[in-house]
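A.B. asks: Give me a model of this one.
(chains A and B)
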Amino acid sequence: MSNTASLRPQPVASEHTPLKARNVAFDWADTPLHWIPGDPSSTHTINVLHLLLPAGERWFVHVYKQVLPAIRDPRLRADVIGFIGQEAMHSQAHDDVLPHLRAQGLDPTPYTAQVDWLFEKLLGDRTLPPGRAREWWLKERVAMIAAIEHYTAFLGDWVLNARALDARGADPTMLDLLRWHGAEEVEHRSVAFDLFLHLDGDYRRRVRTWATAFTALVFLWQRGVRFFMANDPTPAAGKAAVRDFLRGGRQGVLPTTGAMLRSIPQYLSRRYHPSQHGSTEQALAYLDRSPAARAAAAASGGA
Amino acid sequence: MPARLPVTRPAGRGRVPSGPFPAGLPRLGAVLAAAGTALAVRRALRRRIRRSPLWPLPALEQPVSGRGRGAGGPAGRRLRVARRTVVAEGVVALRLEGGRLPAWEPGAHLDLVLPSGAVRPYSLCGEPADAVRADGGSYTVAVRLIEDGRGGSREVHEALREGTAVEVRGPRNHFPLVDHPAYLFVAGGIGITPILPMVRRAEAAGVPWRLLYAGRSRASMPFLAEVAELAGGAGGGRLTVVAEDEDGRPDLAGALAGVPAHAAVYCCGPQPLMDAVAALLPDGPEGPALHTERFAPGAGGTDSAAEPFEVELRRSGRTVTVPAGTSVLRALRDQALPDLPYSCEQGFCGTCRQRVLAGDVDHRDELLTGAERADSLLICVSRAKPGTCGLALDL
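C.D. replies: Predicted coordinates:
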C-alpha cells in the first residue's frame, strides 16, 4: 500500500482560500462586436464561452445544490457553498453578454437553445429509482464537473497571463469579465475536484468522465466557432478555420495547442490535484484590482 | 494433419486473382455501393448543415439562456448626472444621460444603485420621448430629502452631483396607466413624480382628467408650474392644489364625489392619503377603478426586518417562526432544514430562491425580475410584508 499512497492526489495547502461570491456588473454598451480589434476568429473562439457558460454553470449549481446534503466535511461544505455563488454569478454575467451580441446582429439563440437542451435535459435530473441508480448519476455528473473545472481553471490561468490581449487593444470590459471570471476559477479550482474525491474519487470514473467532457468540449467549441463565423454580420469575418486557431495560439490571443495537449496528462495523472497548477495569489491580486470586483466589494462593504 | 491447414488457406486465397471476375465482382459491387451510400449521406448532411449549421443537436423549446434581464431585472447601466436642479424645497431633480436607453411608460420607476451600494426606486417624471432620442437618451427623477429615512435620499442629495456616474436598473413599471375614458389623479407631495407623466399622456391623448395635488406648502411642492400649464391655468377647474399650511387638508370626498363610475383614480402619495382615497371609493366593480403606488417604502418607520413572522413549509408540513433581525434562510436552516442551499446571503446569486405559495413578500433582492417575483423569493434577504400573516413556501 505504501506505493499507492504516493500516488494519491496531493493538495497544496497554501493555495486554499475562503470563497465568496462577488456581485459584479458589466456595462456592454461600448463593447464592439469584434472586441479583439481586427481578429474576428479569435474573438469568436473566446465568445463561445458566452454560449456554453450560462447554461453550463447553471447546471453546476443545480447539481451541487443536490450534493450539498451529502457533504460531511465542514470546510469542503463551506467551499462548495462559496463555489455555488461564484458559479451562479459567472452564469449571470456571461448570460448578460448574449443580448448584447443579439443587438449587434449576431443572434446566439439557435446555439444556446441547444446548449440549454444539453444541460437541462441530457445532463439534467433523470427519472431514476432512488438509491444506487440516482446516486450513480449524481456521482457521474460531479465527476464531469471536476473534469470541466480542470479546463476552466486552465483557461482562467491562461487569461490572467495573456498579455497579448492587452497589447492587441482588446475591449477592457470584456477583458475584465474574462479575467474576473478566470481569477475566480483559479481561486476555486480545487473545489470541484475535492468534492469528487470526497464523494467518490474512483480513478476509472475520473478517466471516463474526462473523456466525455473533453470530447463534448471540443465538439461544442468547434461548432460554436463555426456558428459564430457563419452568422457574423460583418462580411470580412470569413469562415472558421483550424489555421486561424493555431495562429491565435502563436500570437498569444488564444491558448496554444501545445499547452492544451499538456493539460491532458496533468488531469489523468493519479497524483493530480488542481492546487498544483495556477496561482491563487495571482488570482486574488487580479480580483483586488478588477474594476468590476472592486465595485462589487465597495457596494457590499458600504451597504 | 492440422498443422498444414494454415498453409493450405493462403493457397485457397491465392485462387482469387486467377479468376477475378466471378469472385471479385460482388466485392467491387459492395465497395461501390458503400461509397455511393457514403457520398449520398455526405451530400444530404451537407445540405442539412447548410440550412442550419447546428444540426443535429436537439434544442430546448423555450431557451433559458440569453433572454436578458434588461427591462425587468438588474442588468444595470451607468448613466451620468447631466443636470441637478432644486425644483422645490428639499426636492432635487436629476437628469441622467446615457446612450441608447430603454423606453418607458408613465408610472415606471428606475432603481438607482447609489455609491454606497444601496438600491432605491424613484419614479420617472420626465418625458418618455427623452429616453429614446437618437443623439443620447435621458431619464429624469425627482427625489425629496427624507430627514429620518434610511439614508437613500440623503445620499442622492449629497453624493449625486452633476457629472457623477450612477448605476441604474430598469425602468420597471408597477403602476402602469391603463386606458380609461376619464382619470382622476391624486398626488401627495413627491407622489407627483409618477403622476406628472400620466397627466401629460392623458392630455396628449385628449382624455378628460382632473388632478388633486396636495402638499405641506406650495414651496415644497415640485412641478406646480408644469401641472398648472397642463391644466391651462387654475381657471380650467381641472387642477386643485391644496397646500396644508394655507388651505388645510384636501377635500378628498368632494373630489371623489364628482368622479364618474367609468373613470379611473390614480393615487400616489403617503400611505394615509392612499388609505383615505381607498376608503372613500365604493367597494366592488361598479365604482371607479383605483390604482395606487406607495412611494418611499419604509419611510413610515415600518422596516420589515424588525418584525417576526411565521413561515409555513407546505411540503414538510412544518411552521417556523422567523425572529426579527434573522433571515428566513437562517431560521429555516437552524430550525427545520439544515441542508437548504444558499451562497451569497445578500440577495444577488439566486441560489436560495424558493417558491412562494401564499403570502405577501417584501422583496429585498437584486436579482429576480417582476415576473419571477410573482411566485418566488430569495429567502436570504426577502421577508413577509410587515403586518401580513406570514408566508407559505414550497418546501
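A.B. asks: Give me the residue ranges of the stretch 151-300 of chain A where confidence is low.
C.D. replies: Scanning the stretch 151-300 of chain A for pLDDT under 70 picks out A:298-300.
A.B. asks: show me where it has helices.
C.D. replies: Ranges of helices in the stretch 151-300 of chain A, per DSSP state H, counting those that start in this stretch, are A:163-167, A:172-187, A:191-199, A:203-231, A:242-251, A:257-268, A:280-289, A:291-302.
A.B. asks: Mind checking those for the one nearest to residue A:124?
C.D. replies: Among the helices of the stretch 151-300 of chain A, helix A:203-231 comes nearest to residue A:124, with 14.9 Å by C-beta to C-beta. All C-beta atoms are positioned from the backbone trio N, CA, C, and that covers glycine.
A.B. asks: does the closest one come close to chain B?
C.D. replies: Yes. Against chain B, helix A:203-231 shows contacts by C-beta under 8 Å from any C-beta of the partner chain at A:223, A:226, A:227, A:230, A:231.
A.B. asks: returning to that earlier point: residue B:83 is nearest to which of the helices of the stretch 151-300 of chain A?
C.D. replies: Here helix A:291-302 is closest among the helices of the stretch 151-300 of chain A (C-beta to C-beta), at 24.6 Å.
A.B. asks: about what we covered before: any quick ChimeraX command for the buried ones out of the residues of helix A:203-231 next to chain B?
C.D. replies: This is the ChimeraX syntax for the buried subset of those, where burial follows 16 or more other C-beta atoms under 10 Å in any protein chain shown:
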select /A:223,226,227,231
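A.B. asks: send the alpha carbons of stretch B:128-145 over as PDB?
C.D. replies: C-alpha atoms of stretch B:128-145 as PDB (Å, rounded to 0.1, in the frame of the first residue of the first chain):
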ATOM      1  CA  PRO B 128     -40.800  59.300 -22.100                       C
ATOM      2  CA  ALA B 129     -39.600  60.500 -25.500                       C
ATOM      3  CA  ASP B 130     -36.400  61.800 -24.000                       C
ATOM      4  CA  ALA B 131     -35.200  58.300 -23.300                       C
ATOM      5  CA  VAL B 132     -35.100  57.100 -26.900                       C
ATOM      6  CA  ARG B 133     -33.600  60.200 -28.600                       C
ATOM      7  CA  ALA B 134     -31.000  59.100 -31.200                       C
ATOM      8  CA  ASP B 135     -28.400  61.600 -30.000                       C
ATOM      9  CA  GLY B 136     -28.400  60.200 -26.500                       C
ATOM     10  CA  GLY B 137     -31.300  59.400 -24.200                       C
ATOM     11  CA  SER B 138     -32.000  60.700 -20.700                       C
ATOM     12  CA  TYR B 139     -34.200  59.900 -17.700                       C
ATOM     13  CA  THR B 140     -35.400  62.400 -15.100                       C
ATOM     14  CA  VAL B 141     -36.100  61.600 -11.500                       C
ATOM     15  CA  ALA B 142     -37.000  63.900  -8.600                       C
ATOM     16  CA  VAL B 143     -36.000  63.000  -5.100                       C
ATOM     17  CA  ARG B 144     -37.200  64.500  -1.800                       C
ATOM     18  CA  LEU B 145     -34.800  64.500   1.100                       C
END
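A.B. asks: ok, now which ones touch residue A:43?
C.D. replies: Counting by C-beta atoms under 8 Å, 6 or more residues apart in numbering or on different chains, residue A:43 touches A:33, A:34, A:35, A:36.
A.B. asks: Considering those, which possesses the most neighbours?
C.D. replies: residue A:36 (26 neighbours; other C-beta atoms under 10 Å in any protein chain shown).
A.B. asks: That residue reaches residue A:168, doesn't it?
C.D. replies: Yes. Counting by C-beta atoms under 8 Å, residue A:36 touches residue A:168, with 5.7 Å between them.
A.B. asks: what number of residues lie near residue B:221?
C.D. replies: Other residues close to residue B:221 by other C-beta under 10 Å number 24.
A.B. asks: Leaving out chain neighbours, which residue sits closest to it?
C.D. replies: residue B:215 (3.7 Å; C-beta to C-beta, 6 or more residues apart in numbering or on different chains).
A.B. asks: and residue B:368, helix, strand or coil?
C.D. replies: Classification of residue B:368 by DSSP: H, G, I helix; E, B strand; the rest coil places it in coil.
A.B. asks: Report how many residues lie close to it.
C.D. replies: 23.
A.B. asks: Ok, residue B:26 next?
C.D. replies: For residue B:26, the count of nearby residues is 9 (other C-beta under 10 Å).
A.B. asks: now swap in residue A:291 and tell me
C.D. replies: 13.
A.B. asks: now do residue B:381
C.D. replies: A total of 22 residues lie near residue B:381 under the criterion other C-beta under 10 Å.
A.B. asks: residues in contact with the strand ranked longest in chain B?
C.D. replies: Looking across chain B with DSSP state E, the single longest strand is strand B:77-88. With C-beta under 8 Å, 6+ apart as the test, strand B:77-88 has contacts from A:27, A:29, B:92-98, B:101, B:138-139, B:142, B:160-169, B:219-224.
A.B. asks: Touching, residue B:262 and residue B:184? I think so.
C.D. replies: No. Taking contacts as C-beta under 8 Å, residue B:262 lies outside contact range of residue B:184: 11.6 Å.
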